[in-house]
Structure formats: structure tokens, C-alpha cells
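[1] need a 3D model of the following:
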Amino acid sequence: MTKRKIPSRQCVGCGEMKSKKELIRVIKTPEEEIVLDATGKKNGRGAYICHSLECFQKAKKSKAFERSLKMSIPIQVYDELEKELNGLERE
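    Numbering: from 1, shown residues only. Predicted coordinates for the structure are as follows:
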């Protein structure tokens, strides 16, 4: 039997490589919207972040999302993402 390859991605906040299932995907849709993709299957350019608020704050401060998604992100969008991330953390 062959071993299955486990896809891994890098967190834009802390820079750690983790399996894809351990991270949350933030995408830029073709309509230029920024949304959280809990399923990991939505269409669009993605950036991955750990489930921790600390990593989110680091990524926000260093503008890692803006580099990964190749667009400027308004503060209101960061606030919405933070609220959604808080909701996911509690589940």
C-alpha cells in the first residue's frame, strides 16, 4: 500500500507549515470579495490562517493577507473576518 500525501499549507500569520485541515482558508472571490472559506472548496485565490486570533493579528499587522490575495483590504473587512474567526474558534 502506498502512503497518501497529506496536503500542507503555510499560515500567513505565524509562517508554520500545517496540514490543510488544521487551517482556515480566506479567499478573494472573482467578484473581489474577501470571505472565510470553512469548507476549503470555494472558488478563488486563497490564503491560509491558523485557528488562533494571535495569528490573525500578526497577519493583519504585517499585511500578509494583502500580499497573498494581491489586493488592498479595507479595515471593515478585517473586522468582519475577525468576528467570523471568533465564531469558528468557539465551535
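
[2] go through the lengthiest helix in the chain and flag the buried ones.
    Counting residues, the longest helix found in the chain (DSSP state H) is helix 75-90. For helix 75-90, the neighbour count (16 or more other CB atoms under 10 Å) marks 78, 81, 85 as buried. (Each C-beta comes from the backbone N, C-alpha and C, glycine too.)

[3] same deal with stretch 48-67?
    Across stretch 48-67, burial judged by 16+ other CB under 10 Å covers 48-50, 55-56, 58-60, 64-66.

[4] including pLDDT, could those residues go into CSV?
    As requested, those are arranged in CSV below (pLDDT from 0 to 100):
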residue, pLDDT
Tyr48, 94
Ile49, 92
Cys50, 91
Cys55, 91
Phe56, 91
Lys58, 93
Ala59, 93
Lys60, 92
Ala64, 94
Phe65, 91
Glu66, 93
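
[5] now, those that are in helices?
    Of those, the ones assigned to helices by DSSP H are 55-56, 58-60, 64-66.

[6] now name the helix or strand holding the closest residue to Val35 other than its chain neighbours.
    The spatially closest residue to Val35, leaving aside those adjacent along the chain, is Ile27, at 6.0 Å (CB to CB, 6 or more residues apart in numbering). For Ile27, the element it lies in under DSSP states H and E is strand 24-28.

[7] beta partners for Ser8?
    Beta-bridge partners recorded for Ser8 (DSSP bridges): Ser19.

[8] which residues touch it?
    The contact partners of Ser8, taken as CB atoms under 8 Å, 6 or more residues apart in numbering, are 17-20.

[9] swap the cut-off to 10 Å and go again
    When contacts are counted by CB atoms under 10 Å, 6 or more residues apart in numbering, Ser8 touches 16-23, 48.

[10] report the two of these separated the most.
    Across these, no pair lies farther apart than Glu16 and Lys21, at 14.3 Å, counting by CB to CB.

[11] the more surrounded of those two?
    Between Glu16 and Lys21, counted using other CB atoms under 10 Å, Glu16 has the larger neighbour count: 13 against 10.
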